[in-house]
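Asks: I'll drop the sequence and a predicted model, then ask my questions.
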Amino acid sequence: MAKAYVVAILGATGAVGTRMIEQLEQSTIPVKEVHLLASSRSAGKTLTFKGQPVTVEEATPDSFNGVDLVLASAGGSVSAKLLPEAVKRGAVCVDNTSHFRMDDNVPLVVPEVNPDALNHHNGIIADPNCSTIQMMMALEPVRRAFGLRRIIVSTYQAASGAGQSAINELEDEARDYLADKPMNAAVLPVKGAEHHYPLAFNLLPQIDVFEEDGYTHEEWKMIHETKKIMLGDKNSPAIKVTATCVRVPVPIAHGESVWFEVGAGNTPSADELRAAMSGFPGLVVQDDPANQVYPQPINAAGSRDTFVGRIRPDQETPGAYNLWVVSDNLLKGAAWNAVQIAEELVARDLVHVPAGAAEKFM
């Protein structure tokens, strides 16, 4: 009989956490028992798993006693504090925050792209940034078939990337704007920043804080996460990457305009690129401009798939191309990718913490 697993969801009441519950319900993972963990403010609430009521518990180190798998999306500081405690108690953790992504002891995984990185985990696996994940889905089949040496990406990121409070703020602002009332911004572009600006009927060219070099941390993440996922080295010069990340007034699903150069000497046609992408799991090609068929966030919301279109060569630069990619940032960009990682861990019999691994995070 296949083993059944005790699974904990940390941050179970958040926008990603609730979707982790739904994705776990639909997954191939045999679940023996589920624990829903959150802050003391949410403790005592009742959610459901497979139709059964489950009471939300306050997350403490001892919450992970007897737990096999942890799916975490409760914020970086919470992961930093609690996931090493979970590993110490024998649980394997999939973390959706940014805290462990650049840790050399932690694999950063998109299951369709680099699943073998899981073979060397130390109890914590990082779920990449939502904007990085969908770009990897579109470009990995290109890299495998034709090589990849340069990426320039501009993102069009939904409000939900900043949490449920940002979605609520966007909706409130839109109502106020249409009623000719002042819009009150308190969340975006960054909740803890000195200034806040409305997103409704606006664009915000800032996601996360600014670094000293003028790039935002979101842009920094896209650059270095791409290198770590594709090349196993967050600082590798083998693929040049740059990004501009923009928040747009869309509730759910990010869009990205990606310019890329394939390997030297390769000049595939747009049809050859479409063929390579069409065979890639989880990637759906929607690319028929004559009939105005292309990916749109409103259609991608609620889907596990990543959608790619507008695939065309750069007419000025041989070996360079453009594409447009859209994905639900809360599903493939977060909750579904995390559950996929957990499914892969189960399939590879990797739901165990190697000896001495816990000390790497203490």
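Replies: Okay, I see it. It should be emphasised that the depicted structure is a prediction, and the values quoted were computed from it without experimental measurement. Numbers count the residues shown, from 1 in each chain.

Asks: got the contact list for A243?
Replies: By Cβ atoms under 8 Å, 6 or more residues apart in numbering, the contact list for A243 reads 131, 152-155, 215, 218-219, 222-223. From N, CA and C alone the C-beta is placed, and that goes for glycine too.

Asks: Output those residues in CSV, with distance to M362, pLDDT and neighbour count appended to each entry.
Replies: Output for these, formatted as CSV (distance: Cβ to Cβ, whole Å; pLDDT from 0 to 100; neighbours: other Cβ atoms under 10 Å):
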residue, distance to M362, pLDDT, neighbour count
S131, 31, 98, 28
I152, 40, 98, 16
V153, 36, 99, 24
S154, 40, 98, 15
T155, 36, 99, 27
Y215, 32, 98, 18
E218, 29, 98, 26
E219, 32, 98, 24
M222, 30, 98, 27
I223, 30, 98, 19
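
Asks: name the helices or strands packed onto the top helix by length along the chain?
Replies: Longest helix in the chain by number of residues (criterion: DSSP state H): helix 130-146. Applying 3 or more Cβ pairs under 8 Å, 6 or more residues apart in numbering; DSSP states H and E, one finds that helix 130-146 makes contact with strand 150-157, helix 217-231, strand 254-261, helix 270-278, strand 283-285, strand 306-313, strand 320-327.

Asks: after the host helix or strand of V78, next one along is what?
Replies: With elements taken from DSSP states H and E, the one containing V78 is helix 76-88. In the C-terminal direction, the helix or strand that comes right after helix 76-88 (DSSP H and E) is strand 92-95.

Asks: Show me the shaky parts of the stretch 51-200 of the chain.
Replies: In the predicted model, the stretch 51-200 of the chain carries no residue with pLDDT under 70.

Asks: picking that back up, and the helix holding V78, what's buried?
Replies: Buried residues in helix 76-88, counted by 16 or more other Cβ atoms under 10 Å: 78-79, 82-88.

Asks: Alpha carbons only: can I get that helix in PDB?
Replies: Provided in PDB are the C-alpha atoms of helix 76-88 (Å, rounded to 0.1, in the frame of the first residue of the first chain):
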ATOM      1  CA  GLY A  76       9.600  35.300   4.500                       C
ATOM      2  CA  SER A  77      10.100  36.100   8.100                       C
ATOM      3  CA  VAL A  78       7.700  33.300   9.200                       C
ATOM      4  CA  SER A  79       9.500  30.800   6.900                       C
ATOM      5  CA  ALA A  80      12.900  31.900   8.200                       C
ATOM      6  CA  LYS A  81      11.700  31.300  11.800                       C
ATOM      7  CA  LEU A  82       9.600  28.100  11.400                       C
ATOM      8  CA  LEU A  83      10.800  26.100   8.400                       C
ATOM      9  CA  PRO A  84      14.200  25.200  10.100                       C
ATOM     10  CA  GLU A  85      12.200  24.000  13.000                       C
ATOM     11  CA  ALA A  86      10.000  21.800  10.700                       C
ATOM     12  CA  VAL A  87      13.100  20.300   9.100                       C
ATOM     13  CA  LYS A  88      14.600  19.600  12.500                       C
END
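
Asks: what sits up against that helix?
Replies: With Cβ under 8 Å, 6+ apart, helix 76-88 has contacts from 8, 10-11, 59-61, 63-64, 67, 70, 72, 74, 93, 95, 97-100, 122-124, 353, 357-358, 361-362.

Asks: tell me what the host helix or strand of W336 is packed against?
Replies: Counting by DSSP H and E, the element that carries W336 is helix 336-347. Contact partners of helix 336-347 among helices and strands, from 3+ Cβ pairs under 8 Å, 6+ apart: helix 15-25, strand 69-72, strand 92-95.

Asks: Just want the angle from the helix or strand that comes right after the first one to helix 76-88.
Replies: It refers to helix 15-25. Using DSSP H and E, the next helix or strand after helix 15-25 towards the C-terminus is strand 31-38. If you take axes from the mean of the first three to the mean of the last three Cα atoms, to 10 degrees, strand 31-38 sits at 140 degrees to helix 76-88.

Asks: Strand 31-38 packs against which elements?
Replies: With contacts defined as 3+ Cβ pairs under 8 Å, 6+ apart, strand 31-38 has these neighbours: strand 5-10, helix 15-25, strand 46-49, strand 52-55, strand 57-58.

Asks: Would you tell me which one of those is buried the most?
Replies: strand 5-10 (a mean of 25; mean count of other Cβ atoms under 10 Å).

Asks: For that strand, give the mean pLDDT please.
Replies: The average pLDDT within strand 5-10 is 98.

Asks: what angle do the longest helix of the chain and strand 254-261 make?
Replies: 30 degrees.

Asks: Any idea how many residues pack against W259?
Replies: Here the count is done by other Cβ atoms under 10 Å, and W259 has 16 residues near it.

Asks: what's the domain layout of this structure?
Replies: For the chain, automatic domain parsing gives the domain ranges 5-128+335-361, 132-329.

Asks: Quote the end-to-end distance of the shortest one.
Replies: Pointing back at domain 5-128+335-361 there. 24 Å (Cα to Cα, to the nearest Å).

Asks: Same question for stretch 99-111.
Replies: Taking Cα to Cα, stretch 99-111 runs 20 Å from one end to the other.

Asks: Tell me the buried residues in it?
Replies: 99-102, 106-111.

Asks: about what we covered before: distance from the chain centre to the longest helix of the chain, please.
Replies: 13 Å (Cα atoms, centre = their mean, to the nearest Å).

Asks: For S236, find the nearest of the helices and strands packed on strand 31-38.
Replies: helix 15-25 (28.9 Å; Cβ to Cβ).

Asks: Helix 336-347 and the closest one, what's the angle between them?
Replies: 40 degrees.
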